[in-house]
Each structure stands twice: as C-alpha cells, then as structure tokens.
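Enquirer: would you be able to build a 3D model of this:
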Amino acid sequence: MAKQAPILKQDERAPTAGLIRAYGEFWNPDLVDWKRSRELLGIDVHGKEINSYEQRGLYVLYDDYVPVYVGKADKQSIGYRLQAHRASQRKGPRWDRFSWFGLRRVNKNGHLGILKANNHVKTSELISTLEALLILVAEPRLNARQEKLKNAVKVYQSDSGKPLSDTEQQLALLHEKIDFLMKRSS
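Expert: Below is the predicted model:
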C-alpha cells in the first residue's frame, strides 16, 4: 500500500513566496509621467521613495481590474515594457491599471539591489511563488487563503514623484495594519 503524504496544518505548509522582493498592485498608468525618462515612482509604507522602473520580473495589465495581459521583463525592465505597451496603438488604450512583481530587492536607501543569478531555487519556493502570484492576480473565489509575498516590499504608487495625499497615505497604512492583524489572527 502506498504511503500517504501527511496532512499539513496551515502553518506547516510550504513557505510562502520568497522570490518576489517588491511589488505594486493596481497602479494607474495615468499617474505615471511616461515622457520622463526611466521613472516609475512609488513609496513604501514608511514614505520612502522608490523608483521601480529598472525592476525585473512580471507585470499584469488590467481593464476594469480584469487581467487582460501578462508579461515578463527579463532582458528589459518592467518600466520599459510598460512604457512600450502604453505607447502601443494596439494595446495602449486597452488597459487602465497594472501590477508588477519584481525580483530585485529594495535597499534601505530606497534603491533597487543588484539582481543575482540564483541557480539553487528550491522547488517548493518556486511553486509557492507561482501559486501566490496566480492567486493574487486571478483572485479565484474558492481560494480561502489570502496570499502574501514573504519578504517583499509593497510599493504604493506616487503621482510622478509627488507623495500621495495624506488620505492616500493613511489608507496605505491602514491596509498594512489590516494585513498585519489578519496574519496575527491566523
């Protein structure tokens, strides 16, 4: 008789996604000054400015919060790819939000770290990352678990280098506090 895999409790499951180091969700492309070169500006929850233009990873284009396109940015940056899509006559007018998921760390000074080749990614970490991204993007209604990107810095969009309004910053902080409290209660 084949040995069955043990049933794991919620806290014993495979580690949450750790390959994503920074991300931004549902950014408004109209708040980006696409004519300014190489700037995709945001702030972290502490108000530190972060330019994510040179980030590498994945991005999703949305129309009314419905995913319409998924792309990768490996040879070219996420900012460059988004800028090209925005300028495209075919794709440009067909999306109104974007999310991005980057592999480069955000250093303490707010600059992006160097992307190091990692040939030793654990299978469980890769699978957990892919699962987390799919759940975040697709939001399948039967998934009860809310995904978190472990060790990733959430970057909130800023308006072309200007900090978000006090209300927007308070909402961002409130969102982080709710996430923290939900994590503690589970």
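Enquirer: CA atoms for contacts and neighbours, from now on please.
Expert: Noted.
Enquirer: so Phe98 sits in a strand?
Expert: Yes - when DSSP: H, G, I helix; E, B strand; the rest coil is applied, Phe98 is found to be in a strand.
Enquirer: burial count for the nearest residue to it once chain neighbours are set aside?
Expert: If the residues on either side of it in the chain are set aside, Phe98 comes closest to Leu61, at 4.5 Å by CA to CA, 6 or more residues apart in numbering. By the measure other CA atoms under 10 Å, the count of residues near Leu61 is 25.
Enquirer: tell me the strands beside the one helix or strand Leu61 maps to, with direction?
Expert: When elements are assigned from DSSP states H and E, Leu61 belongs to strand 57-63. Strands flanking strand 57-63 in the sheet, each with its direction: strand 66-73 (antiparallel), strand 97-102 (antiparallel) (DSSP bridges).
Enquirer: beta partners of Ile50?
Expert: When bridges are taken as DSSP bridges, the partners of Ile50 come out as Gly42.
Enquirer: also the one 10 residues further on?
Expert: In this structure, Val60 has the following beta-bridge partners (DSSP bridges): Val70, Ser99.
Enquirer: so, low pLDDT: which residues of the chain?
Expert: Scanning the chain for pLDDT under 70 picks out the ranges 1-17, 118-119, 146, 159-177, 179-186.
Enquirer: report the secondary structure state of the most centrally placed residue in it.
Expert: For the chain, the residue nearest the mean C-alpha position is Tyr23 (2.5 Å; CA atoms, centre = their mean). Three-state secondary structure (criterion: three-state DSSP) places Tyr23 in strand.
Enquirer: same deal with Ser124?
Expert: Here Ser124 takes the helix state, with states given by three-state DSSP.
Enquirer: ok, back up a step: for Val45, which of the strands paired with strand 57-63 is the nearest?
Expert: With CA to CA as the criterion, Val45 lies closest to strand 97-102 of the strands paired with strand 57-63, at 16.7 Å.
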